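**Q** got a sequence here, can you model it:
(chains A, B, C and D)
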Amino acid sequence: MNNEELKNSITQILPSATFDESGEFMSVFISSEELLPFMKELRNRDELFFDYLFCETCVDWKDHLMMVYFLNSKTHKHNIVVKAKITDTINPKIESVYDIWKTAELNEDEIFDLFGVTFLNHPNLRRLFMPEDWPGFPLRKNYVDDNMIEL
Amino acid sequence: MGLKDKLEFPGQVHETPDGSFIVSQLDNLINWARANSMWPLAFGTSCCAIEMMHTVNAKYDWSRFGFEVMRATPRQSDLIIVSGTITMKMAPVLKRLYDQMPEPRYVIAMGACTISGGPFFYNTYSVVKGIDHILPVDVFVPGCPPRPEALLHSMMALQEKIKNEPYFRKAKEEAK
Amino acid sequence: MKILLAYSLSGFASYLHRLLSGFIPDAFWLMVTEMVITGVCLLVFLILLAFFLGYMERKVAAFMEIRFGPNRVGPKGTLQIVADTVKLLFKEGLTPDLSDKFLFNLAPGIIVISAMLAVAPIAFAKGFQIWDINIGVLYISSVSSIAVIGILMAGWSSSNKYSIIGAMRAGAQIVSYELSVGLSLISIVVLSGSLSLNDIVESQANGWWILKGHIPVLISFVIFVVASTAEINRAPFDLVEADQELTGGFNTEYGGMKFAMFLMSEYINLFVVSAVAATLFLGGWMPFHIGNFTAFNHIMDYIPSSIWFFGKTLFIIFIIMQFRWTFPRLRIDQLLNLEWKYLLPISMINVLLVTLMAIMGWHF
Amino acid sequence: MKLLGEDIVTETGEFIINMGPQHPSTHGVLHLKIWLDGETIKKIEPHLGYIHRSIEKMSEKMSYRQFIYLTSRMDYLSAHMNNQACALVVEKALQVEVPERAKAIRILLAELSRIGSHLLWFASVGLDLGGVTPFFYAFREREAINSLMEENCGARLTQNFHVPGGILEDVNPDFQKRVKEVIKQLKDNFHEYDEILTGNVIFQNRLKGVGYLSKEDAISLGCSGPTARASGVVCDIRKSNPYDGYEKLEFDEVVLTGGDSWARYQVRMAEMLQSIKIIEQMIDNMPEGDIVAKTKNVIKLPKGEFYQRVETARGELGVYIVSEGAATPYRCKYRSPNFANLSAIPIAAKGGKIGDLIAIMATVDLIIPDIDR
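**A** From the prediction side, this is the model:
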């Protein structure tokens, strides 16, 4: 499926979605509240069938956090990037996609550890890399660490 | 003033600075045994561990020097080759491993990361900048990663160090 | 012949006996003195043997792994094991805080003693034996099974989870493989009609059991080598230690001299097993004889019997060492399957066959 | 059950052991918490971070010429491919055309390091399952490859040979001859591997039917590389998204449907032969010319987001760069193949024995610094 057809199908699922085609993959912008039902449709619709979540990460844009999901369909060979905006930077929350793609478990643990995004309905949310009592979230832009020697 | 001038008559039993004859000979024996039978702990964290494995293999073959018995448990090993970066989370584990080893125990810091943090010195929040903050290190081996020859050299340097170590003499001094 | 006999081990023993009886007239005290001398000699012999086997193992490993092995310490690296032993001797003797200290320190002793006891009835040369007991085979198989108690004790008292898993594996493994070892020994006992190791060797004067062409004997030889490798916990049956799985198994918490005792018992066990295999199947100290070919047999007789014995033993040790460095390790359920589903039924049928042979007089 | 007054068994009767951070079979500092029922594994929980070196944070402070070399410390066995991914993402953003000769050298060295990586994996499979000897045989060939790398790159393990726009320096004059020697040695000795390990009955029994990973699970868990291809997932980036001229080469993507450890073993053994095939195609017709395209001294990427995937020895490595137009990345994310493959272990090992877990970890072939980054 090419980008135009993908756009049509996605607009049917979520009319409020906006698109950006400048990059290698087409990006779909949604808000964090709409994430879970939208993702379920992407995974389950036969013509879309995004069954392979090959990268899940987060970007700290200072005023908001952006969750980035790279999706691929092994059967249809098309890719898409879903970006969900989290406006609350103090106490960010988003639904977990573990029920849809199992790889999300460790990825979301990592994002929770490094960005402090809380995933709702995650089976085992814990700090994956840093010790439990580590202060702050290292990959945030406002992270300060006295021991860190900056160049 | 030489030692000879101190003697009142020939054949007088005297204390040499290195202890008596038997004790220093035993020292030599023990040090020889220790130096030639260092069993390293099978411990590696990252890239340097691969070069350590290369040192085991046939081209470099550290079994020639008697280092070949790699024990998986710290209780049976004499030497810990810290090969690879040590992070803040790993540091307590490393310390614990070191504490579990029976005396005498030796530490080789292999690679730039263990010496100072190496490539991971600046802008990093989780790397220990040099394992000498945690353990007493006997030999440092620079390199990223060091060549197997460098590791062999460091182990031979450690052998030299052990051969000059007092065992009985130290105990005597502590008793004083 | 007389000169050669004078150099043989039995000649030396009887010379010593005559010499001592000159000094000590009392028969009781003579016996006590001789026992002490024997004990000291045995200890020294076993320690030297452990040194030698340790060195041999490293060199065999190096030979198989296209490298040199130890060659810096002493000529050709022969003093490597001496260095290791002296080092272990002077290492801190550690007893973990949480361990059961009495059992923890007792266990290495039990393992070494049970290994050493089994050396007693082995005939090292013609007429040279520490204890010519008439139930030698039974004695060896019962004494060597004490070792499992030591292993269980070591694993349990260490208060380490890996040790407990290792000890439980040892319990299952050694007890199972004991059966096959026993049954494969029985086939030779039935054929030679005696439990005494000396009689068994004598029964092979006209040819070793393995060369006589009895198929059941071949089968029981193979089963014996496999099952006894498992019984002494050597690779590919070293699940009890299993470095890569259990970081050392039952001896995880042992270090220094206590660990050295485990190593020593491993090598003594290896020697005992190979010696028993050599005695039962390869004729012990009996030279290589071909039926009534007298001239050839006499030439073979000129080689001292102790050389025959040690040559055969070392050959079997070499085979078992090759197993260790080639084969991957079995999984615990595969290990038990091998024993209970294959080796045990086969050896039972084998014993039946041998018994039938013995009753009908089909052997020679 | 109590051991010296301490409860060592949970209420449900499970025995918990911690495998790692220092454990000989975890190949580094992976920590697995294992719930056992006897010897049967009930549940596995990975604990990571013992080698978390904050490479992503460091990349945000480094220029586009510098950050390439951090990645060789991630998956150090495929250091070359990691560097390639970073160089490619910068080239893609700048729209620089890499000279043909540089591309050829990149592929040759990448395939050599893929073979080297698989050889090390072969060595450690033997070692983990208790057979020590294969280790030395595989390292003999790995040593030859390392020497070759050293002759050209100056380093044995972390080659650091890429710059944005090409490669650092031209290869040795007798590069072709040396590569042919190494390939000949590999091909001559390859049968020894089959003799010592592949054909061994104990070895086959340890792997066959152990650690089954279904195709659906493999996709859902995000597995890639040989681990996924053994479960029937077609996922070779060299075929699906070719880079640096892989599209011109003739080679097969090895896909098996077994899904067990034995299939994973076979996939890797077959991949070594495919890599040899690629090298043999390239080595005699290496193009002449430049080795590096002209780029500015201070590279500034245009504003936007860039993603580049390459096939490393363990699977798909993705480099995701968010640029704000400055000389350093705004955000740099490495999608590491081992991180996704790690999540296959708890599922594949469930219900197996401790020995099975060792076999599964050996055949999934994890590099822990790549998981933690």
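
**Q** name the residues of the stretch 151-300 of chain C found near chain D, please.
**A** Contact residues (Cβ under 8 Å from any Cβ of the partner chain) of the stretch 151-300 of chain C with chain D: C:159, C:161-162, C:164-165, C:235-236, C:238-239, C:242-247. Quick note: C-beta positions are derived from backbone N, CA and C, even for glycine.

**Q** in helices only, show me these.
**A** C:161-162, C:164-165, C:243-246 (DSSP state H).

**Q** which of those residues are close to chain B?
**A** Among those, chain B is touched by C:243-244 when using Cβ under 8 Å from any Cβ.

**Q** JSON lines please, covering the ones in helices among the residues of the stretch 151-300 of chain C next to chain D and showing neighbour count, pLDDT and distance to C:E92.
**A** Below are those laid out as JSON lines (neighbours: other Cβ atoms under 10 Å in any protein chain shown; pLDDT from 0 to 100; distance: Cβ to Cβ, whole Å):
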{"residue": "C:K161", "neighbour count": "17", "pLDDT": "82", "distance to C:E92": "23"}
{"residue": "C:Y162", "neighbour count": "26", "pLDDT": "84", "distance to C:E92": "21"}
{"residue": "C:I164", "neighbour count": "24", "pLDDT": "84", "distance to C:E92": "24"}
{"residue": "C:I165", "neighbour count": "26", "pLDDT": "84", "distance to C:E92": "26"}
{"residue": "C:D243", "neighbour count": "22", "pLDDT": "72", "distance to C:E92": "22"}
{"residue": "C:Q244", "neighbour count": "22", "pLDDT": "74", "distance to C:E92": "26"}
{"residue": "C:E245", "neighbour count": "31", "pLDDT": "75", "distance to C:E92": "27"}
{"residue": "C:L246", "neighbour count": "31", "pLDDT": "78", "distance to C:E92": "23"}
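
**Q** which of the ones in helices among the residues of the stretch 151-300 of chain C next to chain D sit farthest apart?
**A** Across these, the longest distance by Cβ to Cβ is 17.9 Å; it joins C:I164 and C:Q244.

**Q** now do the helices in chain B.
**A** In chain B, the helices defined using DSSP H lie at B:3-6, B:21-36, B:47-56, B:91-100, B:112-116, B:148-163, B:168-175.

**Q** how about those helices in CSV, adding mean pLDDT and mean neighbour count?
**A** Converted to CSV, the helices of chain B look like this (pLDDT from 0 to 100; neighbours: other Cβ atoms under 10 Å in any protein chain shown):
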stretch, mean pLDDT, mean neighbour count
helix B:3-6, 55, 8
helix B:21-36, 78, 17
helix B:47-56, 87, 24
helix B:91-100, 88, 16
helix B:112-116, 88, 24
helix B:148-163, 88, 18
helix B:168-175, 56, 11
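
**Q** for chain C, which of these is the nearest?
**A** Taking Cβ to the nearest Cβ, helix B:21-36 is the member of the helices of chain B nearest to chain C, at 3.5 Å.

**Q** from the contact counts, what lies against that closest one?
**A** helix B:148-163, helix B:168-175, helix C:80-89 (3 or more Cβ pairs under 8 Å, 6 or more residues apart in numbering or on different chains; DSSP states H and E).

**Q** tell me the contacts of the closest residue to D:A123 other than its chain neighbours?
**A** Nearest-residue entry for D:A123: D:A138, 3.9 Å, with adjacent residues in sequence omitted and distances by Cβ to Cβ, 6 or more residues apart in numbering or on different chains. D:A138 is in contact with D:119-120, D:122-123, D:126, D:193, counting by Cβ atoms under 8 Å, 6 or more residues apart in numbering or on different chains.

**Q** among these, which two are most distant?
**A** Among these, D:L120 and D:Y193 lie farthest apart (Cβ to Cβ), at 12.8 Å.

**Q** the two - which one has more neighbours?
**A** D:L120 (23 against 20; other Cβ atoms under 10 Å in any protein chain shown).

**Q** how about the helix or strand harbouring D:L317, which residues are buried there?
**A** For D:L317, the host element (DSSP states H and E) is strand D:315-323. Buried positions in strand D:315-323, judged by neighbour count with 16 or more other Cβ atoms under 10 Å in any protein chain shown: D:315-323.

**Q** and if you look at stretch D:172-190?
**A** Neighbour-count burial for stretch D:172-190, counted by 16+ other Cβ under 10 Å, picks out D:175, D:178-179, D:182-183, D:186.

**Q** what does the stretch 201-350 of chain D put close to chain A?
**A** So far as Cβ under 8 Å from any Cβ goes, the stretch 201-350 of chain D lies against chain A at D:217, D:219-222, D:224, D:233-235, D:240, D:304-307, D:316, D:318, D:320, D:322, D:330-331, D:333, D:335, D:339-340, D:342-343, D:347.

**Q** does A:T57 sit in a helix, a strand or a coil?
**A** Classification of A:T57 using DSSP: H, G, I helix; E, B strand; the rest coil returns strand.

**Q** can you give the distance from the helix-or-strand element of chain A with minimal mean pLDDT to the centre of its chain?
**A** Ranking every helix and strand in chain A by mean pLDDT, DSSP states H and E puts helix A:3-13 at the bottom, with a mean of 79. In terms of Cα atoms, centre = their mean, to the nearest Å, the centre of helix A:3-13 is set 19 Å apart from its chain centre.

**Q** circling back to that earlier point, max pairwise distance over the residues of the stretch 151-300 of chain C next to chain D: which two?
**A** Most distant of those, by Cβ to Cβ, are C:S159 and C:P236, 29.0 Å apart.

**Q** the two: which is more packed in?
**A** C:P236 (22 against 19).

**Q** does that one touch D:G130 like I think?
**A** Yes - between C:P236 and D:G130 there is a contact under Cβ atoms under 8 Å: 6.3 Å.

**Q** now the helices for the stretch 151-300 of chain C?
**A** C:161-192, C:197-202, C:215-231, C:243-246, C:256-281, C:294-301 (DSSP state H, counting those that start in this stretch).
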